[in-house]
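Enquirer: Kindly return the folded structure for what I paste below:
(4 chains)
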Number of protein chains: 2
Amino acid sequence: MSDRNARTRRRGEELIKAIHDAVLEEVVEVGVGRLTMDGIGRRAATPRTTLYRRWSDPIEVLLDALYHQHPVEEPAPGADDLRGDLIRALRLMAEWALSPAGRAVAAILTDPKSAGLMSEALFERVFANRGGTFTRTVLQHYADRGRFPAELLTPVVADIGEALVTKRLIDAGAPPTAEDLAAIVDQAILPAIGFGPRAPQAS
Amino acid sequence: MSDRNARTRRRGEELIKAIHDAVLEEVVEVGVGRLTMDGIGRRAATPRTTLYRRWSDPIEVLLDALYHQHPVEEPAPGADDLRGDLIRALRLMAEWALSPAGRAVAAILTDPKSAGLMSEALFERVFANRGGTFTRTVLQHYADRGRFPAELLTPVVADIGEALVTKRLIDAGAPPTAEDLAAIVDQAILPAIGFGPRAPQAS
DNA sequence: AAGGTAAGCTACATCTGTGTAGCTAATCAA
DNA sequence: TTGATTAGCTACACAGATGTAGCTTACCTT
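Expert: From the prediction side, this is the model:
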């Protein structure tokens, strides 16, 4: 009858991409618990029936969307600038965390129903190039080059930056400023690998 | 007819307490997004109508429950044991975070719909004795006594412990072991206040 | 040009939660 | 003991999501 939607009909990849985008937007807006096939369909402008042909519930759509996300950009240690590389790594992490995909991952991790459904495979895929691995990549690079003792690069130390950025994101709800990131690097990470304030009364 | 529920009828404080407990259990089990008046009522064994007499939606019940939570136990710095007191403070924090109230707060902070409803007042009340304040209390105590330079106790430094415990809780989903906590104190907090590894090539 | 695939559309029965209303009866305070 | 308060109970109309079915039709392949 009309040409309102007869114009183009999306198929395959294109349609799936639209649905993936839709579910990520939807979860950021309403939260994991309020995800519905209806809502996703509406946002992607596709009927629910199309969704049911591929997935059996909203969380599966979400997990699938995350699985197909582009991997996060990796921090590439540059010249000989440990401090600058650490700050850049944390900025990368903060940007990712604020993206729809990052927010979706945060939502899933704290949702009781979906947390258990995160398969090992997905967890690996989503976190492999991320995890707590933004600053680790950088730290490993400089430890390998002998800029600080490799034995100081423990799991705890590799987590310091990511943990503090995460806390800041939760507490402030806003992206950390350049000063915030610098403070984290100067006051927390560098001291842990030996570049810290001198012990006032060392043993 | 029967005496099945004619036995006792809860009122006032007692009833409200039961409802508060119910909503906290409920949110831990299903998540903020799936909270319903129905579910809360069922768990508290009270009809929905009773809930509507006091609150207008599930999130209000939840926020009210959090508002009336007992404040968290405060870390009490003991003898002259900075390291031990820090570990104890982090253990307190981990215990709180794993309690129903702690999990509920985590759920709320990551829920798009309810995050905006957290009033300043509630935020203060729930976080005042907590926030990022478990280790801060201890650190302040020892800084005041001159055990380390007070200017090293920055906001970032005060957050290190809580941030790392939080990350561990999220990543592992399990309570941190005594070794985990000790590692956090030794490898992250103490270096930041001057008790760290010596800089290998200090300037 | 013809056929197969898959998306769009509509409809339906079902289920669960919502918010309101009005009644009954237990508990508390005077 | 009496009266006020308020919890427990039932019922209802409504809204929204669910999962399925069957049809139409655009798009891709050959």
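Enquirer: residues of the worst-scoring helix or strand of chain A on mean pLDDT that come out buried?
Expert: In chain A, the helix or strand scored least confidently by mean pLDDT, DSSP states H and E is helix A:120-127, which has a mean of 72. Neighbour-count burial for helix A:120-127, counted by 16 or more other Cβ atoms under 10 Å in any protein chain shown, picks out A:122, A:125-126. For the C-beta atoms, the positions are set from N, CA and C on the backbone; glycine is no exception.
Enquirer: What is the nearest of the residues you listed to A:His68?
Expert: Nearest to A:His68 among these is A:Arg125, at 9.2 Å by Cβ to Cβ.
Enquirer: residues contacting that closest one?
Expert: A:Tyr67 (Cβ atoms under 8 Å, 6 or more residues apart in numbering or on different chains).
Enquirer: Now do it against A:Leu190, distance only.
Expert: 32 Å (Cβ to Cβ, to the nearest Å).
Enquirer: Please apply the same query to A:Thr36.
Expert: 47 Å.
Enquirer: Which one's more surrounded, those two?
Expert: Remark: of A:Thr36 and A:Leu190, A:Leu190 carries more neighbours, 22 against 13, as counted by other Cβ atoms under 10 Å in any protein chain shown.
Enquirer: In three-state terms, label the more buried one for me.
Expert: Classification of A:Leu190 using DSSP: H, G, I helix; E, B strand; the rest coil returns helix.
Enquirer: Do I have it right that it meets A:Arg83?
Expert: Yes. Shown here, A:Leu190 and A:Arg83 form a contact pair, counting by Cβ atoms under 8 Å, at 7.0 Å.
Enquirer: Quick one: low-confidence residue ranges for chain A.
Expert: A:1-7, A:127-132, A:198-203 (pLDDT under 70).
Enquirer: Going along the chain, name the helices of it.
Expert: A:12-30, A:37-44, A:48-52, A:58-67, A:82-98, A:100-109, A:112-115, A:120-127, A:134-144, A:155-172, A:178-184, A:190-192 (DSSP state H).
Enquirer: Give me whichever of those helices is most buried.
Expert: Neighbour counts (mean count of other Cβ atoms under 10 Å in any protein chain shown) averaged over each of the helices of chain A peak at helix A:190-192, with a mean of 26.
Enquirer: show me the contacts for A:Thr137.
Expert: Counted by Cβ under 8 Å, 6+ apart, A:Thr137 has contacts A:74-75, A:77, A:89.
Enquirer: Could you report the separation of the single nearest residue of chain A relative to chain B from A:Ala18?
Expert: Going by Cβ to the nearest Cβ, chain B is nearest to A:Gly33 of chain A, at 1.8 Å. According to Cβ to Cβ, A:Gly33 and A:Ala18 sit 23 Å apart.
Enquirer: again, but for A:Met37
Expert: For A:Met37 relative to A:Ala18 (Cβ to Cβ), the value is 15 Å.
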